[in-house]
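A.B. asks: From the sequence below, what's the structure:
(2 chains)
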Amino acid sequence: MRRVKRKDEILVNLARVRKKKLVEKHGRLRPIFCGGCGHFAALHAIYHAMSELDIKSHELVIVSGIGCSGRMPGFVKCYGLHGVHGRALPVATGVKLANPSLQVMVVGGDGDGLGIGGGHLPHAARSNVDMTYLLLDNAVYGLTKGQVAPTTPYGDKTSTTPYGNPSRPLDPVALSLVHGATFVSRGFSGYPDDLNDMVARGMKHRGFSMIHIYSPCVTFNKNETYERYYEISEKLPGGRDLTNMNEALCFATSREKTYLGIFYQQAGPTLEENMLRTIESQGTFDDGRITASLKEKKATRAKKKAT
Amino acid sequence: MKRKEITIQATGGAGDGSLATGALIARAFVRLGYYILIHDTFPAEIRGFGKSISEVRISTRDVAAKADASDVLIGLNNLFAIEQIPDLSERGIIIYDSKPGITVKDMESIPNHAGNLMSCYGVPLEYEAQKATGKKLGKNVVALGFLSKLLNFPPAEMIEILKELFARKGEEVLNNNIALFMSGYEYEDIEYKKIELDPPPHAGEKYTITSGNDAMSTGAINAGLAFFAGYPITPASKIMENLALKLPKYGGVLLQTEDEIAAIGAVLGAFYTGKRAMTATSGPGLSLMTEIINLGVMTETPMVIINAMRGGPSTGLPTKVEQADLNLALYGGHGDSPRVVLAPATIGECYRIIQDALDVAEKYQTPVIVLSDKMLGMSHVAVPAGTLEEKRASTRLAYAGRPKDYMRYLVTPDGVSPWVIPGEEGISYTATGLGHDEMGAPNYDIEVNRELAEKRFRKFTTMLADLPPPEFFGDEDAPNLIVTWGSTFGSVLEAVERLSEQGYRLRVAKVKTIYPQHEDIMGEALSRAEKIIIPEQNQFGQFARFIKGHYGVSADEVHLPSGEPVRPGDAEKLIKGRLDS
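C.D. replies: Alright, predicted model coming up:
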């Protein structure tokens, strides 16, 4: 006789299946982050987005620079490129342009992306190359044990600013907006469900997606803690027109509150689309050196649909 | 008496068209079947009062160096022409712009500055141009007409060339140019001293004029280049401009990045996906690229970097010639960071060497630096049509085993690990600049890292079979061995030919693969020599020190003068000094 499953049993099973799906996305290496590190939430959001959007491991390339967050590609089952400090964006641009059929993600910290690599953000954003950029911001240089970072608030004491940070912090959200990123959002590791959703939406977006994530460093930053971010942040109001740049800038530059959520999203031609269009119109002798992989992917998709 | 060769120099200020004059002369003689070498000199500034010089060497044999002196000087600007008179041979000819009816001290002084045996022909170039077309422009074409008369050059041939060049600019422009040319050709029929050349060596055969930059662009496209990223810099920009136009036609992508670091980063990213990618730069750019080149070494990601050397250090002399980036190419990176360094010695070799570079980079998963220079990159020669057509295909070592057994950095006897690229199903790995094990996982164990480092070095022995070995010229059993590299080879070889005629016994080695070294071949040649002389265009003796250190031999360094391409006469004098010491 078949036993009828109880509702809670079904839910437990469902959770098991979901967990298994996520575990399949785990890389070969175990995360090296400290217990409580904000980066765990970001890592989980990547697993979640892969599962949600059905992104195959072999189709995802994660490029990173140096810092605790730089180790992220190794913890995800995908193709990873853990490069030099600050240069993940141009490297990822090369990956995407050379093989547009790949899904490309960049993971980096505030020092990597706004300090040493700050010069690359405007250009990745303005060219609207299709990639998702997770900027994990803990307002400190964590891997080198607690020096001042480009996003450290004014006056904060760190090991290299023992008398208080003399400079004001950079705001990656406002920067990305004015540089022309077509998806700009801010998440917080303290709200993991929102973050999961945000990363999935960012990866779905065609174009340059900036996802600024408050990801507290529990070991070397005693100022910018979970508690503090809970206190200063507020979720953006719902039902907004996401294509309204003026409004997005107002929220981004607000002095009263630090807003979380999607500030701006706009469709537009991406860098690789423009390049492919040029090849299409000019490519008299095109032998598929760039387009072959794209065509192959389309063909396999069509085949799968047919069967 | 008929001559074996002649060198014509055109000089003027911005907008005078001296470089165009040189190009036209060269085109005309290639059409007749002669070899040529054009070398242009121009200021680093775009506008202003800088002097431009185009020097065309026309010869009955293939030449790879500038001549010692010019035989004809076309002065499109008289002040600049006076400065160039010391470049002329003893019995040189000067064509300058005389102005009928006007007596200007500077104009008159051209014959005064000229040597006793020189001939000076004052042709009212600007006046004739105005008479022919109503405009002051085009005095260089008038001068070309006059020169054609001196050289007995058939005017019909030249008009054909003008048609080729100007037809698409409209009938008026073409007719004006023909009128300008004829006004010079028919200018005064007094008796001139005519110059006669030996008959052309390859009359009737088709030859193409190319620069090293052009040859490298075409070579890379024909070798399957899919991606190019770069940042503008003299004298390498022309490669990026060529490819911007042509690469999309072959289905490739070109990206101008925000700086050289981004350029080499994008190249690394593109080659990481298995697509052939390269960049081109000059000294300051290569300095910026060193960190990511090192990442290519550690992650075993191929990349090709063309470095067109210019005068340094720092911003230095952007439009001048020097062979001083060898140390940076060889050693520019922290840690044990081996990379392939190739150097073409002639413009004709540029096509092949860039294809070799791409093949070796992909097959052995390593950065390759190709050291060109301003002389090779921006000078022009004629090569047989068809030499720029060879094609190359992918050389990647694919993986055939089970996905779960795959190891990105598998230690193999030849050092080369099978290379799976993103997009291949069932496999995942992270390429990292951190010390890592065979799987690619970060690993700080000394034994593991030593094994991996040895593997990376081992590739450099294996790849020798695919790299161009040194070539030898001259007397095989000579006691004196001259070892050369890069663009100075041409003038050194000519110097050696002259010295051999004087009774010296000399052998020349041309080294195209600087690292790794073909040790068996070079070692044998070096050990047989009683005296080794290493001439190069830098003050450090960078190549000499490398060879001396590598082989433990003693050798005489010859520091050739920097700035301009080395003239054979200078090389001859300096090498002779070493031979006699």
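A.B. asks: Residue 31: neighbour count?
C.D. replies: I went with chain A, as the question did not name one. Using other Cβ atoms under 10 Å in any protein chain shown, residue A:31 is surrounded by 17 other residues. Using the backbone N, CA and C atoms, a C-beta is placed for each residue, glycine as well.
A.B. asks: my question was about chain B
C.D. replies: Counted with other Cβ under 10 Å, residue B:31 comes out at 18.
A.B. asks: hmm, who's touching the strand or helix carrying it?
C.D. replies: Remark: residue B:31 resides in helix B:18-32, with elements defined by DSSP states H and E. The contact list for helix B:18-32 (Cβ atoms under 8 Å, 6 or more residues apart in numbering or on different chains) reads B:8, B:10-12, B:36, B:38, B:40, B:42, B:52-56, B:58, B:74, B:76, B:140-141, B:143-144, B:147-148, B:153, B:157-158, B:160-161, B:165, B:200, B:203, B:207, B:209, B:380, B:382.
A.B. asks: Could you turn the buried ones of the residues you listed into a PyMOL selection?
C.D. replies: Those of the contacts of helix B:18-32 that count as buried under 16 or more other Cβ atoms under 10 Å in any protein chain shown are selected in PyMOL with:
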select buried, chain B and resi 8+10+11+12+36+38+40+42+52+53+54+55+56+58+74+76+140+141+143+144+147+148+153+158+161+165+200+207+209+380+382
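A.B. asks: what residue is smack in the middle of chain A?
C.D. replies: The centroid of chain A falls nearest to residue A:134 when counting by Cα atoms, centre = their mean (2.3 Å).
A.B. asks: how long is stretch B:429-448 end to end?
C.D. replies: End-to-end span of stretch B:429-448 (Cα to Cα, to the nearest Å): 18 Å.
A.B. asks: is that stretch anywhere near chain A?
C.D. replies: Yes. Judged by Cβ under 8 Å from any Cβ of the partner chain, stretch B:429-448 and chain A are in contact via B:429, B:430, B:431, B:432, B:433, B:434, B:439, B:441, B:442.
A.B. asks: Adding secondary structure and pLDDT, write those residues out as CSV.
C.D. replies: Converted to CSV, the residues of stretch B:429-448 next to chain A look like this (DSSP: H, G, I helix; E, B strand; the rest coil; pLDDT from 0 to 100):
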residue, secondary structure, pLDDT
B:429, coil, 97
B:430, strand, 97
B:431, strand, 98
B:432, strand, 97
B:433, coil, 97
B:434, coil, 97
B:439, coil, 96
B:441, coil, 96
B:442, strand, 96
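A.B. asks: Following element in sequence after the helix or strand containing residue B:295, please.
C.D. replies: According to DSSP H and E, residue B:295 maps onto helix B:283-299. Counting by DSSP H and E, the element after helix B:283-299 in chain order, helix or strand, is strand B:303-309.
A.B. asks: quick one: that next one near chain A?
C.D. replies: No. Applying Cβ under 8 Å from any Cβ, one finds strand B:303-309 separated from chain A by no less than 9.9 Å.
A.B. asks: so what does the following helix or strand past that strand touch, helix or strand wise?
C.D. replies: Sequence order places helix B:326-331 as the next helix or strand after strand B:303-309, per DSSP H and E. Applying 3 or more Cβ pairs under 8 Å, 6 or more residues apart in numbering or on different chains; DSSP states H and E, we find helix B:326-331 packed against helix B:283-299, strand B:340-342, strand B:367-373, strand B:513-515, helix B:542-551.
A.B. asks: can you give me the strands in the stretch 101-250 of chain B?
C.D. replies: B:119-123, B:207-211, B:227-230 (DSSP state E, counting those that start in this stretch).
A.B. asks: can you give me the helices in chain A?
C.D. replies: Ranges of helices within chain A are A:7-23, A:39-52, A:88-98, A:110, A:121-127, A:172-179, A:192-204, A:226-232, A:245-252, A:271-282, A:291-306, based on DSSP state H.
A.B. asks: Using TSV, lay out these together with mean pLDDT, distance to chain B and mean neighbour count.
C.D. replies: TSV is the format used below for the helices of chain A (pLDDT from 0 to 100; distance: least, Cβ to the nearest Cβ, whole Å; neighbours: other Cβ atoms under 10 Å in any protein chain shown):
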stretch	mean pLDDT	distance to chain B	mean neighbour count
helix A:7-23	83	14	11
helix A:39-52	96	12	23
helix A:88-98	98	3	31
helix A:110	97	19	28
helix A:121-127	98	4	21
helix A:172-179	98	12	21
helix A:192-204	97	16	21
helix A:226-232	96	28	14
helix A:245-252	97	23	17
helix A:271-282	97	4	17
helix A:291-306	89	6	12
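A.B. asks: Can you give me the distance of the residue nearest to residue A:278 when sequence neighbours are not counted to residue B:303?
C.D. replies: Nearest non-adjacent residue to residue A:278, counting by Cβ to Cβ, 6 or more residues apart in numbering or on different chains: residue B:248, 4.8 Å away. Using Cβ to Cβ, to the nearest Å, residue B:248 is found at 21 Å from residue B:303.
A.B. asks: quick one, which of the two is more surrounded?
C.D. replies: residue B:303 (33 against 24).
A.B. asks: so residue A:199 touches residue A:50, yeah?
C.D. replies: No. Between residue A:199 and residue A:50 there is no contact under Cβ atoms under 8 Å: 9.6 Å.
A.B. asks: can you count the residues close to residue A:157?
C.D. replies: 15.
A.B. asks: for the closest residue to it other than its chain neighbours, what are its contacts?
C.D. replies: Of all residues not flanking residue A:157 in the chain, residue A:164 sits nearest, at 5.8 Å (Cβ to Cβ, 6+ apart). Applying Cβ under 8 Å, 6+ apart to residue A:164 gives the contacts A:154, A:155, A:156, A:157.
A.B. asks: between the helices of chain A, which gets nearest to residue A:65?
C.D. replies: Of all these, helix A:88-98 sits nearest to residue A:65, with 4.3 Å by Cβ to Cβ.
A.B. asks: Now find how far off-centre that closest one is within its chain.
C.D. replies: The gap between where helix A:88-98 is centred and where its chain is centred comes out at 15 Å by Cα atoms, centre = their mean, to the nearest Å.
A.B. asks: export it as PDB, just CAs?
C.D. replies: Only the C-alpha atoms of helix A:88-98 are listed here, as PDB (Å, rounded to 0.1, in the frame of the first residue of the first chain):
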ATOM      1  CA  ALA A  88      40.000  41.000 -13.600                       C
ATOM      2  CA  LEU A  89      37.800  43.300 -15.700                       C
ATOM      3  CA  PRO A  90      40.000  43.500 -18.800                       C
ATOM      4  CA  VAL A  91      40.900  39.800 -18.500                       C
ATOM      5  CA  ALA A  92      37.200  39.000 -18.400                       C
ATOM      6  CA  THR A  93      36.500  41.300 -21.300                       C
ATOM      7  CA  GLY A  94      39.000  39.300 -23.400                       C
ATOM      8  CA  VAL A  95      37.300  36.100 -22.400                       C
ATOM      9  CA  LYS A  96      33.900  37.400 -23.400                       C
ATOM     10  CA  LEU A  97      35.000  38.900 -26.700                       C
ATOM     11  CA  ALA A  98      37.000  35.800 -27.700                       C
END
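A.B. asks: Specify the angle between it and helix B:283-299 in degrees.
C.D. replies: 80 degrees (axes from the mean of the first three to the mean of the last three Cα atoms, to 10 degrees).
A.B. asks: From the contact counts, what lies against helix A:88-98?
C.D. replies: Secondary-structure packing of helix A:88-98 (3+ Cβ pairs under 8 Å, 6+ apart): strand A:60-64, strand A:103-109, helix A:121-127, strand A:131-137, helix A:271-282, strand B:227-230, strand B:253-256, helix B:260-272.
A.B. asks: Counting by contacts, list what the fifth one packs against.
C.D. replies: It refers to helix A:271-282. Under the contact rule (3+ Cβ pairs under 8 Å, 6+ apart), helix A:271-282 is packed against helix A:88-98, helix A:291-306.
A.B. asks: Thank you kindly, that will do.
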